[in-house]
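Q: sequence unknown, structure follows:
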């Protein structure tokens, strides 16, 4: 199954944070913070402005991006977790 976002929405695959164990303490998955970096897997066609013109997205497929910790909607597709969010929720592109 494939997913195609609408308007200015993006499908992002969150990148896992590097797990660092300090002092031999292992943090359970339920206590870990949500990742804030991900890879753009799919993009929508862009939004339509108030005057009817098409506004293209600045991010593109394959970009690594930073986004707000609690942004978007989490979904699971074919056993893989993704995040769907608006382009406005993207804070920066990581180069």
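A: Everything's here; your move. Remember, predicted model here, so these are calculated numbers, not experimental data. Residues are numbered from 1 along each chain as shown.
Q: drop to CA atoms for contacts and neighbour counts, all remaining ones
A: Fine.
Q: where's the spatially most central residue of the chain relative to residue 41, distance?
A: The chain has residue 12 as the residue nearest its centroid, 3.3 Å off, counting by CA atoms, centre = their mean. Computed as CA to CA, to the nearest Å, the residue 12 to residue 41 distance reads 5 Å.
Q: ok, now residue 35?
A: To residue 41, residue 35 is 16 Å away according to CA to CA.
Q: which of these two has more residues huddled nearby?
A: Neighbour count, other CA atoms under 10 Å: between residue 35 and residue 41, residue 41 has more, with 18 against 15.
Q: correct me if wrong, but that one is in a helix.
A: No. Counting by DSSP: H, G, I helix; E, B strand; the rest coil, residue 41 is not part of a helix but strand.
Q: could I get the pLDDT score of it?
A: What the model reports as pLDDT for residue 41 is 97.
Q: residue numbering should commence at 42 henceforth.
A: Right, with 42 as the first residue, what we last looked at is residue 82.
Q: related to what we said a few turns ago, so how far is residue 47 from the residue nearest to the centre of the chain?
A: Taken as CA to CA, the span from residue 53 to residue 47 is 14 Å.
Q: quick one: low-confidence ranges for the chain?
A: Residue ranges of the chain with pLDDT under 70: 42, 58-65, 67-75.
Q: can you map out the strands along the chain?
A: 50-55, 78-84, 88-89, 95-96, 105-108, 114-118, 121-127, 131-135 (DSSP state E).
Q: out of those strands, which gets nearest to residue 43?
A: Closest approach to residue 43 among the strands of the chain (CA to CA): strand 114-118, 8.6 Å.
Q: okay, now the sheet partners of that closest one, with direction.
A: Based on DSSP bridges, the pairing partners of strand 114-118 within the sheet are strand 121-127 (antiparallel).
Q: now find how far off-centre the partner strand is within its chain.
A: Relative to the chain's own centre, strand 121-127 is displaced by 5 Å; criterion: CA atoms, centre = their mean, to the nearest Å.
Q: return the angle between stretch directions for it and strand 50-55.
A: Inter-element angle recorded for strand 121-127 and strand 50-55: 140 degrees (by axes from the mean of the first three to the mean of the last three CA atoms, to 10 degrees).
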